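K.L.:
just the structure for this:
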Amino acid sequence: MNKKILSLFALGIILRILLIWRAPLWYDENFTLVLSRLPFDQMIAATAGDVHPPLSYILFWLVGQTGAPAWGLRIVSLGFSAAALWLFHHILGDEYKYKPVAFALMALSPFQLWFAQEARMYAMLEFFFLLGVYAVI
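P.N.:
Numbers count the residues shown, from 1 in each chain. Reported below is the predicted structural model:
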């Protein structure tokens, strides 16, 4: 990583972490919280009626069982968002002329920052989508 990309990466991570605990959980995040506090077998049974695949709930469950505060569930999304940012750097490659611009848009996009701080599966979805793109190229 050159200095410009590394600086944008650091800024993107700082913005993803910044005030992650501040906003109260909203409806869908509270649903994730409730499932993360259930015994494992009940949590898996509860996901059968949900539209989201259970992998994200399993990861949130692991955090929920530690006794972390409610906002602590957002750390899972933060990790996937940071990993997606790193993966995006590799997808762009070194020869891409507009790499700093594209990387800045990914690192600083309000949409990206929002889903990095939400205890839902969207950051994980983005990571696995980018992983698929990376595997294809």
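K.L.:
quick one: the helices in the protein, in order.
P.N.:
Using DSSP state H, the helices of the chain run over 3-17, 27-36, 40-47, 54-64, 74-92, 99-108, 110-116, 122-136.
K.L.:
dump those helices into a markdown table; add mean neighbour count as well.
P.N.:
No exception for glycine: its C-beta is placed from N, CA and C like everyone else's. A markdown table is the format used below for those (neighbours: other CB atoms under 10 Å):
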| stretch | mean neighbour count |
| --- | --- |
| helix 3-17 | 15 |
| helix 27-36 | 17 |
| helix 40-47 | 14 |
| helix 54-64 | 19 |
| helix 74-92 | 20 |
| helix 99-108 | 17 |
| helix 110-116 | 17 |
| helix 122-136 | 16 |
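K.L.:
distance check, residue 44 against residue 50.
P.N.:
Plainly put, residue 44 is 11 Å away from residue 50 if you go by CB to CB, to the nearest Å.
K.L.:
what's the overlap in contacts for those two?
P.N.:
residue 57 (CB atoms under 8 Å, 6 or more residues apart in numbering).
K.L.:
and residue 19, how many neighbours?
P.N.:
By other CB atoms under 10 Å, 9 other residues sit near residue 19.
K.L.:
from here on, call the first residue 50.
P.N.:
Sounds good: first residue 50 from here, last item residue 68.
K.L.:
so how far is residue 120 from it?
P.N.:
10 Å.
K.L.:
so can I have TSV of the helices of the chain showing mean pLDDT?
P.N.:
TSV is the format used below for the helices of the chain (pLDDT from 0 to 100):
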stretch	mean pLDDT
helix 52-66	95
helix 76-85	93
helix 89-96	94
helix 103-113	95
helix 123-141	97
helix 148-157	95
helix 159-165	95
helix 171-185	97
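K.L.:
which residues does stretch 69-84 contact?
P.N.:
With contacts defined as CB under 8 Å, 6+ apart, stretch 69-84 is touched by 92, 95-96, 106, 109-110, 113, 118-120, 122-124, 127, 166-169.
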